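In: what's the 3D shape of this:
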Amino acid sequence: MTSFGERLRDATARHGALCVGIDPHPPLLRAWGLTEDVEGLKRFADACVEAFEGQVAIVKPQVAFFEAYGSGGLMVLEDTIAALRSAGTLVLADAKRGDIGSTMAAYAAAWLGDGSLGSDAVTVSPYLGFGSLTPAIELAMVNERGVIVLAATSNPEAAPLQRTVTADGRSIAQTMVDDAAACNAGAAFGSVGVVIGATLTEAPDLSKLNGPILMPGVGAQGGGAESIRAIVPPESYAAVLPAVSREVLAAGPSVAALRTRTHQLAEEFAFLQA
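Out: The predicted structure follows:
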């Protein structure tokens, strides 16, 4: 196996940059005519796997929507991760884990290890200090997995913290990007990425990251190709992963319709791989 960064580059070259989310929140289950229980969750996830496997570079299950159903929901998530990965589709577990010491190491073992939840990459929160992510980053490097770090998110509550300027003149968000970039030094394309909200009006300098840039907020949340062009330098386009969920999932439950909408959106962002 090669590094997550290398596998991701290969996957986006073959399938485009789109990162499609599996977000089985209750209104979507109802819209699909499914029951709000483990059986409905399983039918939803199975349709998504059938629609997206081998069609997109990377799929992002939103862990919270599976956890909400307890152990049964986690079993569905395990099956979803395994099915996608066995089909050769990369999986980014959107778990947003963040803690310190042995607890962070346990989170890393769960999501970046070889157990039933083991994925190609996981989202993490660095706001206990970037150094708190060390157990996850170290295990990711050993196991050739990836870590995607929350840096500049688009929710309004984040701005007072993430835009705060530190003593050296950088915003806190910029320090997160810079620390991620340091992890990628020397790699052809690194495995430590960042989350940058696509609807932001200003963003950290991403030119030295040399790793994935996950950009939620496109589609139903109002962002799009022009949003990305406004905050990402052209030399970093190939690193961008536009993250879409509702914009695709609203086309369900038809697998054919889900695939059609996915391919339409992939064309919108084809300029990223040009």
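In: next, the buried residues of stretch 154-169.
Out: By neighbour count on 16 or more other CB atoms under 10 Å, the buried set for stretch 154-169 is 154, 158, 162. Quick note: C-beta positions are derived from backbone N, CA and C, even for glycine.
In: quick one: Glu202 and Val232 touch, right?
Out: No - at 11.9 Å, Glu202 does not count as touching Val232 under the criterion of CB atoms under 8 Å.
In: who's more crowded, these two?
Out: Legend: neighbour count by other CB atoms under 10 Å for Glu202 and Val232, higher for Val232 (20 against 10).
In: now do the end-to-end distance for stretch 130-139.
Out: 15 Å (CA to CA, to the nearest Å).
In: and for stretch 5-24?
Out: Taking CA to CA as the criterion, the two ends of stretch 5-24 lie 27 Å apart.
In: from Arg97, how far out is Pro126?
Out: Pro126 sits 11 Å away from Arg97, going by CB to CB, to the nearest Å.
In: so what's Val192 up against?
Out: 137, 140, 146-149, 180, 183-184, 211 (CB atoms under 8 Å, 6 or more residues apart in numbering).
In: correction: the previous question concerned Ile22.
Out: Ile22 neighbours (CB under 8 Å, 6+ apart): 44-45, 48, 52, 59-62, 80, 245, 249.
In: mind running it again at 7 Å?
Out: 45, 48, 59, 61-62, 80 (CB atoms under 7 Å, 6 or more residues apart in numbering).
In: show me which of the residues you listed is closest to Ser227.
Out: When the contacts of Ile22 are ranked by distance to Ser227 (CB to CB), Gln62 comes first, at 21.1 Å.
In: is it correct that the closest one is in contact with Leu92?
Out: No - using CB atoms under 7 Å, Gln62 makes no contact with Leu92, being 10.2 Å away.
In: more neighbours: these two, which one.
Out: Leu92 (26 against 19).
In: circling back to that earlier point, please narrow the contacts of Ile22 to those residing in helices.
Out: Using DSSP state H, the subset of the contacts of Ile22 located in helices is 45, 48, 80.
In: now the second one: how far from Thr260?
Out: As defined by CB to CB, Cys48 lies at a distance of 14 Å from Thr260.
In: who's more crowded, the two?
Out: Cys48 (26 against 14).
In: need the pLDDT of the residue lying closest to that one once chain neighbours are set aside.
Out: Once flanking residues are discounted, Cys48 sits nearest to Ile22: 4.7 Å by CB to CB, 6 or more residues apart in numbering. For Ile22, the pLDDT comes out at 98.
In: avg pLDDT for stretch 67-85?
Out: Here the average pLDDT along stretch 67-85 is 98.
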